[in-house]
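Chemist: what's the 3D shape of this:
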Amino acid sequence: MVLESSLAARRVVSQLAVFGLVAAMVLTAGADLFAAEAFRIETKIFVGEEKVPASETTTLFQDGVVYDFLAKPEQTAVFRKPNGDKPGRFILLNDKERVQTEVSTDKLAGAMKKLRTWAAQQNDPFLQFAANPRFDETFDANNGKLVLASHLVTYTVETNPTQHQDALADYREFLDWYTQLNTLLSAGNPPDPRLRLNDALARHKAIPAKVELKRAGEDPIRAEHDFTWRLSQEDLQRIDDVRAALSSHRVVENKDFLQISQPVDAPR
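Modeler: Below you'll find the predicted structure:
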């Protein structure tokens, strides 16, 4: 999901990080229930009135592990969720340089806590808002429209109900942590506005079909997602390729990885 000059592009990436991986999902009719174990999401993000996506991502869920592929620039992230006392982790891969690095969810949680504390102490109204956002929330169960409104940020969401609550839980946990990862890597604002939206969707047991973010003084951002409750043979091959890379790519420190890799764009 991307744009203009390199400076403008970094600004959009920062916006997307705050926007936090917004997703839109179109359900496949008649999907079988075992698909909660394996499903895919195709994501496109549009900025303003642009017809060409600023960013495109494919995200594959299989057996509790998430494989996220950003198209341009080519970037891959693998997410393993927390398990008991063991923290979750992201493994970031750079296939061109054949290197990988790991970021734990404990590290993300600590960094976000410090970021919120710092933002709350700033004079900038948006930073203060992002540190502890408050929305007026409305949800129309008849048409699935969810709105989180404030004077600075408003989310308008077209949602669909789903029976795949296990899949929804996996999806929500991944998005929560990936939103924080993008915030960390792109030096973005606190991720809490998007996390509030994730929470609202979970409470209403709904998945977003289209999400529009309007932030005061900026072009709106729209996310659309195609959600499929099974993996293709091509998807399975991509997962096999990533597993091979995890075994062969050299492990480096976070700072060394970032020096040779572009920051991770928000996938949704």
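Chemist: hey, let's count contacts and neighbours off CA atoms from now on
Modeler: OK.
Chemist: neighbours of the nearest residue to residue 75 once chain neighbours are set aside, just the number please.
Modeler: Leaving aside its sequence neighbours, residue 75 sits nearest to residue 69 (Cα to Cα, 6 or more residues apart in numbering; 5.9 Å). Neighbourhood size, residue 69 [other Cα atoms under 10 Å]: 20.
Chemist: surely residue 69 meets residue 57?
Modeler: Yes: counting by Cα atoms under 8 Å, residue 69 does reach residue 57; the two are 5.6 Å apart.
Chemist: ranges for the helices of this protein?
Modeler: For the chain, the helices defined by DSSP state H cover 6-19, 105-120, 125-131, 165-186, 192-203, 233-248, 254-260.
Chemist: Which of those sits closest to residue 97?
Modeler: Nearest of the helices of the chain to residue 97, taken as Cα to Cα: helix 254-260 at 7.9 Å.
Chemist: gap between the closest one and the chain center?
Modeler: Helix 254-260 has its C-alpha centroid displaced from the chain centroid by 21 Å (Cα atoms, centre = their mean, to the nearest Å).
Chemist: My read is that residue 67 contacts residue 239, right?
Modeler: Yes: at 7.1 Å, residue 67 and residue 239 qualify as touching, with contact defined as Cα under 8 Å.
Chemist: Show me which of these two is the more surrounded one.
Modeler: Each of residue 67 and residue 239 has its neighbours counted (other Cα under 10 Å); residue 67 has more, 22 against 19.
Chemist: That one bridge partners, please.
Modeler: The partner list for residue 67 in beta bridges (DSSP bridges) reads residue 60, residue 78.
Chemist: Same question for residue 42.
Modeler: residue 58, residue 226.
Chemist: residues contacting it?
Modeler: 56-59, 225-227 (Cα atoms under 8 Å, 6 or more residues apart in numbering).
Chemist: Return the member of those residues nearest to residue 91.
Modeler: So of the contacts of residue 42, ranked by how close each gets to residue 91 (Cα to Cα), first place is residue 59, at 14.3 Å.
Chemist: Quick check: the gap between residue 122 and residue 129.
Modeler: 10 Å (Cα to Cα, to the nearest Å).
Chemist: swap that for residue 241, please
Modeler: 42 Å.
Chemist: So if I had to pick from these two, which one is more boxed in?
Modeler: Neighbour count, other Cα under 10 Å: between residue 241 and residue 129, residue 129 has more, with 20 against 11.
Chemist: how far away is that one from residue 212?
Modeler: 19 Å.
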